[in-house]
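here you go, sequence then predicted model.
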Amino acid sequence: MARYGGLLAFQPIPEDKKIVTESFLANCRDLITIFDDFGRAFYVVKSDILGNINKLTKKFEQNKEKYHTLQDIVRSEIAEKTTRIKNSATDALLWLKRALNFIAIMLEELVKTKDEVSVCASRAYDQTLRNYHGFIVRGVFSVAVKAAPYRQKFIKALGKGKNEEETIQELKKYTNLLLENVNVLNQFYKETGEEKSDKV
C-alpha cells in the first residue's frame, strides 16, 4: 500500500463505490497516529475515534465474508433493524466518518494555507463536528485544539525526513483519497436514511 506524508493511503473508490472494510479500518488506525503529536489534551478525541474503529473491527471479525465492505455491515443492520441500538456498527461508522471528515478538512486547510495546525483544526471543527456536539463536548474540543503542535513540527513529523514542500504535495494526494472515501460514506448514509442530527 502506498504511503503519502508518512500515512497509509486510503484506497481509491471503485466503480461500484463499495469500501473494503479491512483495508479501510487499517487506514483509520494508521491515520489517528497523527494525534500522537497533539499531546495529552487530545487523548479523549483519539480514544473516541479508536473506540469506533474497535466496534467496527469486532463486527467485521464476526463474519469477514459477510461484512466484506462497510456498506455490507450497514445494510445488514438495516435488515436486522439494529442500526439504532447502543453500540451498533452503523452508529460507530457514523461517528467515525464524521471524525474522518474533520481530519480531512484539517489536513486540507493545512495544505492550502500557511496557518498553524490549531487554526486549521478549529476551522475544520466548525465545518464538521461542531454541529453534532453539545456545549460540554465543544468545550473539550476547544481545549484539545489549543494543544495542537506547531505547523513546522507537525509537518516534519508527517514527512518522515522529507522536506516541507514534498510533504505538502503528498498530503494533497492523501487528503483527496480520504475525502473520496468520506464523501461516498456521507452519500450512502443519506441514501439509506441513517444520517442523524442528534447531538452528544
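On my side now, so go ahead.

which residues of the chain fall in helices?
For the chain, the helices defined by DSSP state H cover 21-31, 43-62, 70-80, 89-112, 117-127, 135-146, 151-159, 164-192.

so which of those gets nearest residue 198?
helix 89-112 (9.7 Å; C-beta to C-beta). C-beta: built from backbone N, CA, C; applies to glycine.

and that closest one, what does it pack onto?
On a contact count with 3 or more C-beta pairs under 8 Å, 6 or more residues apart in numbering; DSSP states H and E, helix 89-112 meets helix 21-31, helix 43-62, helix 70-80, helix 117-127, helix 151-159, helix 164-192.

could you list the low-pLDDT ranges of the protein?
Residues of the chain that meet the criterion pLDDT under 70 lie in 1, 199.

dump the residue contacts of the residue nearest to the spatial centre of the chain.
Nearest residue to the geometric centre of the chain (C-alpha atoms, centre = their mean): residue 100, 1.8 Å. For residue 100, the contact set (C-beta atoms under 8 Å, 6 or more residues apart in numbering) comprises 28, 31, 178, 181-182.

got JSON lines for the residues you listed, with distance to residue 89 and neighbour count too?
Compiled in JSON lines, the contacts of residue 100 are given as follows (distance: C-beta to C-beta, whole Å; neighbours: other C-beta atoms under 10 Å):
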{"residue": "28", "distance to residue 89": "14", "neighbour count": "24"}
{"residue": "31", "distance to residue 89": "19", "neighbour count": "21"}
{"residue": "178", "distance to residue 89": "21", "neighbour count": "25"}
{"residue": "181", "distance to residue 89": "17", "neighbour count": "23"}
{"residue": "182", "distance to residue 89": "17", "neighbour count": "22"}
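
for residue 159, state which of these is nearest.
For the contacts of residue 100, the minimum distance to residue 159 (C-beta to C-beta) is 15.7 Å, reached by residue 31.

so that closest one sits against residue 6, correct?
No. The criterion here is C-beta atoms under 8 Å, and residue 31 misses it with residue 6 at 10.8 Å.

related to what we said a few turns ago, most tightly packed of the helices of the chain?
Looking across those with neighbours counted as mean count of other C-beta atoms under 10 Å, the highest average goes to helix 89-112: a mean of 22.

what about dumping the CA coordinates of that helix to PDB?
C-alpha atoms of helix 89-112 as PDB (Å, rounded to 0.1, in the frame of the first residue of the first chain):
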ATOM      1  CA  ALA A  89     -21.700  -0.800  14.000                       C
ATOM      2  CA  THR A  90     -23.800   1.700  11.900                       C
ATOM      3  CA  ASP A  91     -23.600   4.200  14.700                       C
ATOM      4  CA  ALA A  92     -19.900   3.600  15.100                       C
ATOM      5  CA  LEU A  93     -19.300   4.200  11.400                       C
ATOM      6  CA  LEU A  94     -21.500   7.300  11.500                       C
ATOM      7  CA  TRP A  95     -19.200   8.900  14.100                       C
ATOM      8  CA  LEU A  96     -16.000   7.600  12.500                       C
ATOM      9  CA  LYS A  97     -16.900   9.100   9.200                       C
ATOM     10  CA  ARG A  98     -17.600  12.400  10.900                       C
ATOM     11  CA  ALA A  99     -14.200  12.300  12.600                       C
ATOM     12  CA  LEU A 100     -12.500  11.500   9.300                       C
ATOM     13  CA  ASN A 101     -14.300  14.400   7.700                       C
ATOM     14  CA  PHE A 102     -12.900  16.700  10.400                       C
ATOM     15  CA  ILE A 103      -9.400  15.300   9.900                       C
ATOM     16  CA  ALA A 104      -9.600  15.600   6.100                       C
ATOM     17  CA  ILE A 105     -10.700  19.200   6.300                       C
ATOM     18  CA  MET A 106      -8.000  20.000   8.800                       C
ATOM     19  CA  LEU A 107      -5.300  18.500   6.500                       C
ATOM     20  CA  GLU A 108      -6.800  20.200   3.500                       C
ATOM     21  CA  GLU A 109      -6.600  23.600   5.400                       C
ATOM     22  CA  LEU A 110      -3.000  22.800   6.300                       C
ATOM     23  CA  VAL A 111      -2.200  22.100   2.700                       C
ATOM     24  CA  LYS A 112      -3.800  25.100   1.100                       C
END
